Each structure stands twice: as C-alpha cells, then as structure tokens.
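1. Prediction below, plus the sequence it came from.
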Protein chains: 2
Amino acid sequence: MSDVAAAAGVSLKTVSRVVNAEGYVSTDTVAAVKAAIEQLGFRRNDAARQLRQGTAATIGLIFEDQSDPFYSTLARAVEDVALAHGSLLLIASSNGDPAHSQTIVDAFTSRGVDGLIVAPAAGTEPGLLQREAAAGRAIVFVDRPVPGVDADTVLADNVGGAAAATAHLVANGHRRIAFFGDDPGVFTATERLAGYSRALREAGLEPDDRLVRLAAPTADGLDDVIGGVLDQTDPPTALITGNNRWSIRMLRHLKAHASRAPLAFVGFDDFELADVLDPAVTVVAQAPAEMGRIAAELLFRRVGGAEEPIECIRIPPRLIVRGSGELPGPALA
Amino acid sequence: MSDVAAAAGVSLKTVSRVVNAEGYVSTDTVAAVKAAIEQLGFRRNDAARQLRQGTAATIGLIFEDQSDPFYSTLARAVEDVALAHGSLLLIASSNGDPAHSQTIVDAFTSRGVDGLIVAPAAGTEPGLLQREAAAGRAIVFVDRPVPGVDADTVLADNVGGAAAATAHLVANGHRRIAFFGDDPGVFTATERLAGYSRALREAGLEPDDRLVRLAAPTADGLDDVIGGVLDQTDPPTALITGNNRWSIRMLRHLKAHASRAPLAFVGFDDFELADVLDPAVTVVAQAPAEMGRIAAELLFRRVGGAEEPIECIRIPPRLIVRGSGELPGPALA
DNA sequence: GTGAAAGCGCTAACAC
DNA sequence: GTGTTAGCGCTTTCAC
C-alpha cells in the first residue's frame, strides 16, 4: 500500500480511503490512486486488515461430511447469504467425531471467523462451544442442537415428520411398520424414532422392538440387520428409513432381495432420483436449502450485533407422495 | 499472548516458543506457560501470525457449484489432504460465471491463501490467474484447464471415456447413437463429443448432427430438445449423456415418456443410485475423489516450493457395465 | 534457555 | 480533502 502511495504521490491513508471507498477523496486523487493500484497489481492484505479491525469477513461451517447431499445443499444456501454479506466460507468435515470437531472449532476461531454454523457431531460436549458463545462469537446450530450452549438453532420438525410418515403408512392399511434409523446417539435419529412411536400409539398400535433398528447407515453387515427384520415371522409390510443415507442403503438391499414381497416405503429426507425409481419413493422432505438460508440469516444478525433472545426454529418437513408409500397394507387389502 | 506472558511470569517470546512448540524451553517453563494459557483461555491470533509469516495455512477451492455431487466429492478428497498438511479450506461457487470467479480469486488471494484449486468456469480468461501463477501462487486446475496459465492440471480422459462409451454401444449392436452434452463452451462437453465422434468414425459410422444436442442440463425446454431427437424419423436406439446432471435429466424425461421403446443408455460420470435403477445405468465413471486427492497433492507440492515442470495429469475413466448400456441394438437383433 | 526490539500491512483517531 | 501517528498480536532477529 505504501508503494501505491508513493507511486500516486499521496499518503498511505489516502490510498486506504480509496481502496475502502471511504469517500472524502477528490475525483482526481481517486483516479491517480486507482491507476497506481492497477499498474502495481496491488491487492489489499486482508490479514493486516483483520488484525487491525478484528473482523475476518469469514464464517466457518462444520458438518459431518461436506459431500453428503443434505449438507452440501445446506452449505450452498449458506454461501449465497454469506456472499450478500461479503463473507467467505471456511468448510470442514467433522466425520462425526467430537474431538476432531473441537480441533476444527479451534482452528476456525484462531483464524478469527465472525461466526460458526455447526451441525454438531453426536456426543459433542457444550464446553468449548459454550465458552465461545459466551465470549460473544456468533454460533448457529443446524440439524442438531447442543444442549447447554446458548446459541440459535435451526432444526427440522423430526418428531412431526416421522409421525406424519408413520400415519401415512397406517392410513394406507399398514399395521406392522419397521423403522431403520441412524445410531441412537444421533439427535435426529432419536427424535424421528420418537415420532414414529408416537404415531403408532396414536393409531392404537403397540411399538414392537423387533421392527426397529438403529445403526449408522455406513456400518458393515447391514444386509443381515435389515434381513433380520424383514424376514422374521410376522414381518413388516411397510418400513420407514430415518435419513437419506439409510434410504439409499435400503433401496440397494431391496433390489438385491427383489424376490421378497414388496413393502411400502417412506424415507425421511428427500434424495435425488427418488422420483425416478419404480415405484417412486414417497418421502418426508426436509428443506436443507431453507435451513441453510435461515441459519445464515440468524448468524449474520448476530454478527451484526443483534441482542435478541436465542431462537430455536423448527422447519416442518413436507410429505411428498410418489408411490412407494401408497402400496396398500393388509388392513386395506 | 502478552497476558499469558505476564500470568506465567515469562517473556512474550517464551510464550510464543511454547505455543509453536519450538523447543529450547525448560520443562518447568513450558508447564507454567501452558497453565496460564489454559487458565486464560488463550488462543493464538492467526491473523497476526499470517501477517508476520505470510502464510495462511489455507487453500481456496472454486467450483461451479459446491453442491454438485461431483464437486462435493472432489472437495472432500481435497479436504482430507489439506488436513494432513494442517490447512483449511475456503470454498466458493462460481455459478459458471467467469466474472464472479474472478471476484472470488481476488477475495481468496487478498486473504493470502497458499494455493487455489479451481474448476474454471467456461470462458475464463487467463489474465488474472496467469498473473497469480507468475507471481508464484500455487494453482491447480481440475476438471477443466485454462489455456495460457502455467499451472498443474488434473483432467479426466474425456475423449477416451466418451469413445469407450460409444464403442460399447456399437459393440452391442447400435448404429444410431445420440449424444446429449453440456453447453459447447464447456471444455469437457467438447472433449466428450469429440470422443463420441471419433469412436463412431472408427466404427465406420458417420456422425449425424440430428443425433447431437449440446445444452446446459439445467436449461428450460429440454423435454422438447430430447423429444426432438428421440422421436424423429430414423430415431436413435441408444444414447449417451455427457455428465451426471444430464443423466439425471434424461432419466426423468425417459420416465415421463415411458411409452417410447427402451433405449440403450450410457452416462458419462457415475451417480448415486445408478445401480439401483431398473435397468441399472451403465456409466463411464470418473474418479472425483482421486482427482481431488491428486490435485491437492500437486498443490501442496507447489506450496512447499517444488520447482518441477508443470504437469497435466489425465485420469482414465472406467466403464461400469450395469445393464442399460447392454440392451441389444438392431445389428445384434 | 530466555528476553528485547523491530516490524509485518493495515486502519482508527486525530490533526491540519 | 489529505496527512501523521500509533498500534492490532504475532514472529524474526539478535543479544544475553
């Protein structure tokens, strides 16, 4: 910058004024400075700016896996809001590991990010995050909360969505409905299971442990787990998968065991090609882009210094009827 | 840091030595400093560190759309390599707009990223990037090159892959094979079309313009475009889609027009659920994770100061036979 | 093993 | 409209 100042024959501060469009500089001076900038190929050093101003114009995103379509869609929506605020995105994947998550939070905060949007790993302790939140760093949780941290949170209505999926299958005549969800440590898995159980009871049906399995959809040996449920005596006539990874896993299993009688199927969370499969897959669709947008807007409100009370927003999922969930069950047959 | 120094009763520099594990500090002093750090909740300010050292321990990724599964998979692989080098990832989507791309490059370089991994937007001029490359900033292009920029590049063997897809269909008895690819401005679209044409000629078949359409897979009115090709007199019996977005688009069209005679189908680039569809979709699979890993390794080699000559690596795609590409054509019927 | 001093490139505060 | 000064928090250099 001092080189530019010398080249343009003005002071350092004047260059700074031009670079930051502060105004109060004569048109001629602006032109001279801009010419010097162009000629020297000058670009502001944001590290110095950040050191002085204390703002990085950057926010950090932490997800289990940035290549999961749910999160990559969410991230894209966050990016669009961040762009409107002149902010960039640091992204890192936690792999569902709270310890690694903590390392990432450390690395992000060391770099002075203005805020964090986090889908916390199962088992995340509030400690570090609560210290950050208390120190005034903007934090928004998406998809999952961290109890004990005072931060805005954007969640799907998991209970309501799973209950709607279950009620839909009941309405189509099913009485034995299986549920396959993520690890019980995962917040959404537990909530969705609760919604499933609630809807069963509301329909006068008794939840049956033999119809429920909770496991990471990436785990080994799932074919046996699924088979154990679907091939038991008094088997289910319908099933629900608790997230898009489980839906994909289940579809692969069902294709490999196509000789089995067809089951009604509702997936939690929409996924690409669900509409093209045969039968097309009925889902309770989350709105990842909307969740990302809302989370980002909440975040930038805090970054901007808003002092409103902490919010926890629940986004209602939407049942999309496509065919797989409407195969009639025994009560309608 | 000076607070920590005061609390531990040592000098600033000693704290710095401990924080950066430089050694040459007595065990007692280290313990005292660490205790002070813990107690004060100190975390190093990386903006100051960066200002002094000139390294941000951050690399920038620029893709058309970070939520495209091809790119999000690639980004994930880059992240894993970056993690091993203690580096974080700034990610931004160009939306295929060269001007916006340039803004992102500016923003990234202002922040002092150590390197850039870029899938350049169609129509990107070498200007800015070549200046950066010449100034010594590490740059690696993935998926598409920018002619005129001296930078390592990791590409798929698009010509070979598309030729293999075409030859496969020919071998299965097809003589009229349609090709649907991205906009002609897109490097990969042009290369893949060239591979298709070459394979046709090698099989003694004359490429027919009526069987080729190049358009963005997100464009409006594609049903008419596709229909115009598939419903003409002397229609194709097989088709190739030029990327995973086009494959999805085509599958949706084919499902909506299921009354039409089935066509053999090979997609360029694999996609989730291709194996579950009926028939399962034969593809020429790219290796986005491998491309990301290799690109990141090249990048960090340059960041580390390697002076080896510029490399352009071609990753061969792999034909995955699943069923849709093996429907027999007239020459075998 | 430890410390003092200088300075990275910028902006805030305050002249003029 | 423009310029001067100080200092953000760290690392580099050199001294002890």
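-> Yep, that arrived.

2. When you work out contacts or count neighbours from here on, use the C-alpha atoms and nothing else.
-> OK.

3. Can you give me the neighbour number for the spatially closest residue to residue A:217 that is not a sequence neighbour?
-> Distances taken as CA to CA, 6 or more residues apart in numbering or on different chains put residue A:246 closest to residue A:217, at 5.1 Å, once the chain neighbours are dropped. Neighbourhood size, residue A:246 [other CA atoms under 10 Å in any protein chain shown]: 22.

4. Quick check: what element follows the helix or strand hosting residue A:246 along the chain?
-> Element membership for residue A:246, per DSSP states H and E: helix A:244-256. Proceeding C-terminally, helix A:244-256 gives way to strand A:264-268 as the next helix or strand, assigned by DSSP H and E.

5. residues contacting the residue nearest the centre of chain A?
-> Centroid check for chain A by CA atoms, centre = their mean gives residue A:71 as the closest residue, at 4.6 Å. By CA atoms under 8 Å, 6 or more residues apart in numbering or on different chains, residue A:71 lies in contact with A:63, A:65, A:288.

6. Am I right that it sits in a strand?
-> No - read with DSSP: H, G, I helix; E, B strand; the rest coil, residue A:71 is helix and lies in no strand.

7. Can you read off the pLDDT for it?
-> What the model reports for residue A:71 is a pLDDT of 97.

8. Repeat that for residue A:110.
-> 95.

9. got it, and residue A:168?
-> For residue A:168, pLDDT reads 98.

10. What is the burial count for it?
-> 18.

11. for the helix or strand it falls within, the distance to its chain's centre please.
-> Element membership for residue A:168, per DSSP H and E: helix A:158-171. How far helix A:158-171 lies from its chain's middle: 22 Å, per CA atoms, centre = their mean, to the nearest Å.

12. and the contacts of residue A:71, which are buried?
-> A:63, A:65, A:288 (16 or more other CA atoms under 10 Å in any protein chain shown).

13. surely the last one meets residue A:76?
-> Think residue A:288. No - using CA atoms under 8 Å as the test, residue A:288 is too far from residue A:76 to be in contact (9.5 Å).

14. hmm, stretch A:263-277 touching chain B?
-> Yes - against chain B, stretch A:263-277 shows contacts by CA under 8 Å from any CA of the partner chain at A:273, A:275-277.

15. Could you do stretch A:17-37 as well?
-> No - for stretch A:17-37, no contact with chain B is found by CA under 8 Å from any CA; the gap never falls below 12.4 Å.

16. Next, the buried residues of that stretch.
-> Neighbour count says stretch A:17-37 has A:18-19, A:29-30, A:32-34, A:36-37 buried, by 16+ other CA under 10 Å.

17. Figure out the length between the terminal residues of that stretch.
-> In stretch A:17-37, first residue to last residue: 13 Å (CA to CA, to the nearest Å).

18. helix or strand for residue A:273, which one?
-> Going by DSSP H and E, residue A:273 is not part of any helix or strand.

19. where are the low-confidence patches of the stretch 51-200 of chain A?
-> For the stretch 51-200 of chain A, applying pLDDT under 70 flags no range at all.

20. circling back to that earlier point, relative to strand A:264-268, how tilted is the helix holding residue A:246?
-> Orientation check (axes from the mean of the first three to the mean of the last three CA atoms, to 10 degrees): helix A:244-256 against strand A:264-268 gives 160 degrees.

21. what's next to helix A:244-256, contact-wise?
-> Helix A:244-256 has contacts (CA under 8 Å, 6+ apart) with A:180-182, A:217-218, A:223, A:226, A:241, A:267-271, B:273, B:275-276.

22. and if you look at stretch A:323-331?
-> For stretch A:323-331, contacts defined as CA under 8 Å, 6+ apart pick out A:168-169, A:172-175, A:237-238, A:263-266, A:279-283.

23. returning to that earlier point: for the buried residues of stretch A:17-37, give me TSV that also has pLDDT.
-> Shown next, in TSV, are the buried residues of stretch A:17-37 (pLDDT from 0 to 100):
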residue	pLDDT
A:18	95
A:19	94
A:29	93
A:30	94
A:32	93
A:33	94
A:34	95
A:36	94
A:37	95
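
24. which ones among the residues you listed come in contact with DNA strand C?
-> Contacts with DNA strand C within the buried residues of stretch A:17-37, counted by CA under 7 Å from any atom of the strand: residue A:19.

25. Now flag whichever of the buried residues of stretch A:17-37 is closest to residue B:142.
-> Distance ranking of these against residue B:142, using CA to CA, places residue A:37 first at 30.8 Å.

26. The closest one in helix, strand or coil?
-> helix.

27. picking up where we left off before, with respect to DNA strand C, which of the buried residues of stretch A:17-37 is nearest?
-> residue A:19 (6.8 Å; CA to the nearest atom of the strand).

28. Can you tell me, leaving aside adjacent residues, what's nearest to the closest one?
-> residue A:44 (7.8 Å).

29. ok, how many other residues are close to that neighbour?
-> Neighbour number of residue A:44 under other CA under 10 Å is 18.

30. Helix or strand: which one has it?
-> Residue A:44 belongs to no helix or strand, assigned by DSSP H and E.

31. Show the pLDDT at it.
-> 95.

32. if I look at it, how far off is DNA strand D?
-> 14 Å (CA to the nearest atom of the strand, to the nearest Å).

33. Also residue A:331?
-> 68 Å.

34. Quick one: residues contacting the closest residue to DNA strand D within the stretch 201-333 of chain A.
-> Of all residues in the stretch 201-333 of chain A, residue A:303 sits closest to DNA strand D, at 18.3 Å by CA to the nearest atom of the strand. Applying CA under 8 Å, 6+ apart to residue A:303 gives the contacts A:114-115, A:137-138.
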